[in-house]
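> here's a sequence, model it:
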Amino acid sequence: MPHSHPSWAAVLKDGGLKKLYSDRVQGLNRKLGCFLSFGIEDIDIDASENTPLGGIPIAVKDNIAVKDRPLTCGSRILENLTAPYTATAVSRLQESGAVVVGKTNMDEFGMGSSNEHSALGTTVNPWNTDRVAGGSSGGSAAAVAAGLVPLALGSDTGGSVRQPANFCGVYGLKPTYGSVSRYGLTAYASSLEVIGAMARDIDLLESAFRIMACSDERDQSSLEYNPVPDGHRRVVMLDVPDGELDSTVARDYTRSAEALIDAGYTVEKITLSSLDLVVPAYYTIATAEASANLARFNGIRYGSAPDFAENPVELMRRARHEGFGDEVKLRILLGTYVLRSGFQDQYYGRAQKVRTLIRREMARVFDDSDLLLMPVFPTQAFLRGDQGMDDYTQRLADVFTSLANLTGLPALSVPIGVENGLPTGVQFLAPVFGESRLFGVARRLAEKFSVPTAPGALDIGSLS
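Predicted coordinates:
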């Protein structure tokens, strides 16, 4: 349904308020590092005030194209690239009145769970700047949580919308694969990634999704959206063994199930026999596709290149060595390894068979239930730097989020509350095209658990 934000439109229309808003955003951004680029000086929203999104400002992750704005992917190799066109998802939001005000920081090429793998800056958590904002869409999640924008786009390859949304205390939607066009999204792992969105307002999030959902002739993976009927409030809850979740996360996971029962849902625990296969299958497929997709970044057609090279091979070698960070290099090397002659069937082919096994198990789950309740991440937002979670443990922790990407299913992270000064939350998975069920259960939980407000967040009402 249309969702109007006249206060945002008034701010962006009034010269004085617009400058005040810009100053406040840039002041907070110096502390939080949400935006890699921000600019509203040339914005004119007169034509968009009466549109469905009412002239609201939005932020876009910097791997999604917006014409005449940077498209860095958080990488040195694309540091000076400007997008020559606009992604379909963004253009549909713009046609409905949304105004792009900036591009947000991210783990380089979407590879990371903490936003510490960006080559161009560090994003911190608005709730506690000693903590990570999550990744790879951490800049978008932090911008929404800090009140800098009401809506932000991200990409979700293995949880990169839902995990940072969970860490920052906002809603994070990973749509059904194919429901939102990927045209204009810089490819990392093409069979896994989708454009998703984050907001503190579930109505706004649903409005944005309805606007973005479409088939697109420029994206052959896109589908005509055909929503499934609302369910009968049958929820299955993943039975997580003791010790696999931090005590705080485990406690709120149980609280969310109890709240669902109070709201009239039936909740039963299940186990997934294929769950232990999710992470190895995901990383095998993701790194293989990354190796192929990132081959185009070679310093010849676009992107940074060395000042001098003896020959084209040396140019490409130096451009990629100097332009890519360690995490990107690692994943490219892993992907190249699993695609080697003689290894492809053993690793990549086998991972695709495991993916089919996982999809079949999830199809059986939704034969008898409407929603699957799961944790988002085993911990709350962890500490930054050497005091935080090591990279290997972060990858293992993707088990709860990457399930939705392997299966193409829609998923939504839902904030539950604040414990120890940090947000907590859960996620729901639904059958293909079951986004309405996700929004419905989020509204039910919102009656019990209000969306938290980060300390020091920008209040748009205070500007007027």
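> which stretches of the protein have low pLDDT?
Low-confidence segments of the chain, defined by pLDDT under 70: 1-6, 45-49, 464.
> where do the strands sit along it?
Taking DSSP state E, the strands of the chain run over residues 35-38, 57-61, 99-104, 124-125, 128-132, 151-156, 171-174, 194-199, 234-238, 266-270, 371-374, 411-419, 422-429.
> what's the most buried one of those strands?
Of the strands of the chain, the one with the most neighbours on average (mean count of other C-beta atoms under 10 Å) is strand 171-174, at a mean of 32. The way it works is simple: take the backbone N, C-alpha and C, and place the C-beta from them, glycine included.
> run through who's touching that strand.
Residues from elsewhere that reach strand 171-174 (C-beta atoms under 8 Å, 6 or more residues apart in numbering): 141, 154, 156, 159, 161-166, 194, 196-200, 202, 205, 209, 404-405, 410-415, 435, 438, 442, 451.
> picking that back up, which of the strands of the chain sits closest to residue 251?
When the strands of the chain are compared by C-beta to C-beta, strand 411-419 sits nearest residue 251, at 7.7 Å.
> ok now the closest one, how far from the chain's centre?
In terms of C-alpha atoms, centre = their mean, to the nearest Å, the centre of strand 411-419 is found 14 Å from the chain centre.
> including distance to residue 337, could the strands of the chain go into TSV?
Shown next, in TSV, are those (distance: least, C-beta to C-beta, whole Å):
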stretch	distance to residue 337
strand 35-38	31
strand 57-61	28
strand 99-104	32
strand 124-125	34
strand 128-132	28
strand 151-156	25
strand 171-174	28
strand 194-199	26
strand 234-238	32
strand 266-270	35
strand 371-374	31
strand 411-419	30
strand 422-429	31
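> among those strands, which is nearest residue 247?
Proximity to residue 247 (C-beta to C-beta) singles out strand 411-419 among those, at 9.5 Å.
> which strands and helices sit next to the closest one?
In terms of contacts (3 or more C-beta pairs under 8 Å, 6 or more residues apart in numbering; DSSP states H and E), strand 411-419 is packed against helix 162-168, strand 171-174, helix 247-262, strand 422-429, helix 435-446.
> residue ranges for the helices of the stretch 301-450 of the chain, please.
Ranges of helices in the stretch 301-450 of the chain, per DSSP state H, counting those that start in this stretch, are 312-323, 326-338, 350-368, 391-396, 399-407, 435-446.
> between the ones you listed, which gets nearest to residue 90?
Nearest to residue 90 among the helices of the stretch 301-450 of the chain is helix 435-446; the distance by C-beta to C-beta comes to 19.1 Å.
> got the buried residues for that closest one?
Using 16 or more other C-beta atoms under 10 Å as the test for burial, helix 435-446 gives 435-442, 444-445.
> show residues contacting it.
Contacts of helix 435-446 with the rest of the structure, by C-beta under 8 Å, 6+ apart, involve 171, 173, 175-176, 179, 202, 205-206, 209, 227-228, 230-231, 235, 256, 259-260, 263, 265, 370-371, 410-412, 414, 416, 428, 430.
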